[in-house]
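Trainee: sequence? don't have it. structure:
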């Protein structure tokens, strides 16, 4: 399982890459899985069902998509979208195979649900301790990136007063 986790993308990430609504990607993957099963081909080599915890703290379905699964999806796309998705997923897998994520996953393979539960608990504890919101976001981004979850560069918005430094000279 550890090898499967460290070399997959989430269906959320795939949806962003192919510029489709998330519910449409789920529908597509479910259909592909059913068709593979009917053909007596194991879908696990392509797609593995999983869950994640949404913003409300509720469990939602998702899939872990292997490199083969991305190739499968890419073959279903045509034209510019197919070309762009192929380039994106190839680049993404090369990033993951570069070593950093691999080392993280060697420590302990976890599901998206476990990562979400961990970050939710981290958020709760940091809030109880009075940690400033931007520092909580910074911690969340750091944990996410350790598990290969990319967030926008501007995810953490540091307040202007925190960015300013004053040199006070004692006379």
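Mentor: Thanks, I have the structure now. Just so it is clear, the structure is predicted and the values come from calculations on it, not from any experiment. Numbering: from 1, shown residues only.
Trainee: now the strands: where do they sit in the protein?
Mentor: 8-10, 47-53, 59-66 (DSSP state E).
Trainee: give me the neighbour count for residue 19.
Mentor: 9 (other CB atoms under 10 Å). (C-beta placed from N, C-alpha, C; glycine too.)
Trainee: these two touch, right, it and residue 81?
Mentor: Yes. Counting by CB atoms under 8 Å, residue 19 does reach residue 81; the two are 6.9 Å apart.
Trainee: which stretches of the protein form helices?
Mentor: 2-6, 11-18, 22-38, 67-76, 79-97, 100-107, 112-128, 133-146, 160-163 (DSSP state H).
Trainee: in contact with the most centrally placed residue in the chain, which residues?
Mentor: In the chain, the centroid-proximal residue (CA atoms, centre = their mean) is residue 149; its distance is 3.6 Å. Residues in contact with residue 149 (CB atoms under 8 Å, 6 or more residues apart in numbering) are 10, 115.
Trainee: how close does it get to residue 10?
Mentor: Using CB to CB, to the nearest Å, we find residue 149 at a distance of 8 Å from residue 10.
Trainee: okay, and the common contacts of those two?
Mentor: Taking CB under 8 Å, 6+ apart as the contact rule, residue 149 and residue 10 touch no residue in common.
Trainee: may I ask which helix or strand of the protein has the lowest mean pLDDT?
Mentor: Among the helices and strands of the chain, helix 100-107 carries the lowest confidence by mean pLDDT, DSSP states H and E, at a mean of 40.
Trainee: so, low pLDDT: which residues of the chain?
Mentor: Scanning the chain for pLDDT under 70 picks out the ranges 1-6, 98-113, 146-147, 158-171.
Trainee: how does it look with 90?
Mentor: 1-10, 13, 16-19, 36, 41-45, 48, 50-60, 66-72, 74-171 (pLDDT under 90).
Trainee: hmm, back to that, nearest to residue 154, of the strands of the chain?
Mentor: Proximity to residue 154 (CB to CB) singles out strand 8-10 among the strands of the chain, at 21.4 Å.
Trainee: residue 11: what's it in contact with?
Mentor: 22, 25, 26, 29, 62, 63, 64, 65 are the contacts of residue 11 under CB under 8 Å, 6+ apart.
Trainee: for it, which non-adjacent residue is spatially closest?
Mentor: Nearest residue to residue 11, sequence neighbours excluded (CB to CB, 6 or more residues apart in numbering): residue 63, at 4.1 Å.
Trainee: distance of the one you found relative to residue 40?
Mentor: Plainly put, residue 63 is 20 Å away from residue 40 if you go by CB to CB.
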